[in-house]
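3D, please:
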Amino acid sequence: MRKLFLVLSSFAVFGLWLVPVSAQDHIFVRGPGPMGPPGMMMGDGPGMMFPFLIRKLDLTADQDAQVQKIMGAHKPKFLELFEQLRTVHEAIASKLFAQGSLSATDLSPQTEQISQLREQLMDEGLAVALEIRSVLTPEQLAKAAQLQQQMKALHEQMHNLMEEKQ
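This is a model prediction of the structure:
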């Protein structure tokens, strides 16, 4: 359970820190259905590489303990927000598959709630990222920046490979 939380929360937390996020390329949390469970990154989101990055930074035992403490302190809030998102996504799905007419206006309260919850997740993630950043040494931050640039270059290469020729 601890590893699962670390992975899920790292998607939320460090996506803000590692790679610039563009609204069209990265969706923070997605709902249930064919795209997957709530709380996961869509596609090749920036948080996907965070566990790799942390391992590459060679944290000391003390730093690792501090990171675990930070993550543990924020875990209840992340779980609460992810559960609220799941509930709203289920409400939208119920409306989409119900009989009768439906318009975007009918879903406005839920879409507004999702926007608010995603903003809260981003705020919580930023708080965690800043706390963890304060644990890292200048050398580790420099190494993280270097790794981030390498990951960004790989992402661009992947994007270019998958781009349609016109």
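
The chain: helices as residue ranges?
With DSSP state H, the ranges of helices along the chain come out as 2-18, 50-56, 61-96, 108-133, 138-162.

now the longest one against helix 108-133, angle please.
So the one you mean is helix 61-96. 170 degrees (axes from the mean of the first three to the mean of the last three C-alpha atoms, to 10 degrees).

Show me which residues of stretch 58-72 are buried.
59, 63, 66-67, 70-71 (16 or more other C-beta atoms under 10 Å). Using the backbone N, CA and C atoms, a C-beta is placed for each residue, glycine as well.

One more: stretch 113-126?
Residues of stretch 113-126 classed as buried: 113-114, 117-118, 120-122, 124-125 (neighbour count, 16+ other C-beta under 10 Å).

May I see the residues you listed organised as TSV, with distance to residue 157 and pLDDT added?
As requested, these are exported to TSV (distance: C-beta to C-beta, whole Å; pLDDT from 0 to 100):
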residue	distance to residue 157	pLDDT
113	37	97
114	32	96
117	33	96
118	29	95
120	34	95
121	29	93
122	27	92
124	32	92
125	27	87
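
residues near residue 132, how many?
By other C-beta atoms under 10 Å, 21 other residues sit near residue 132.
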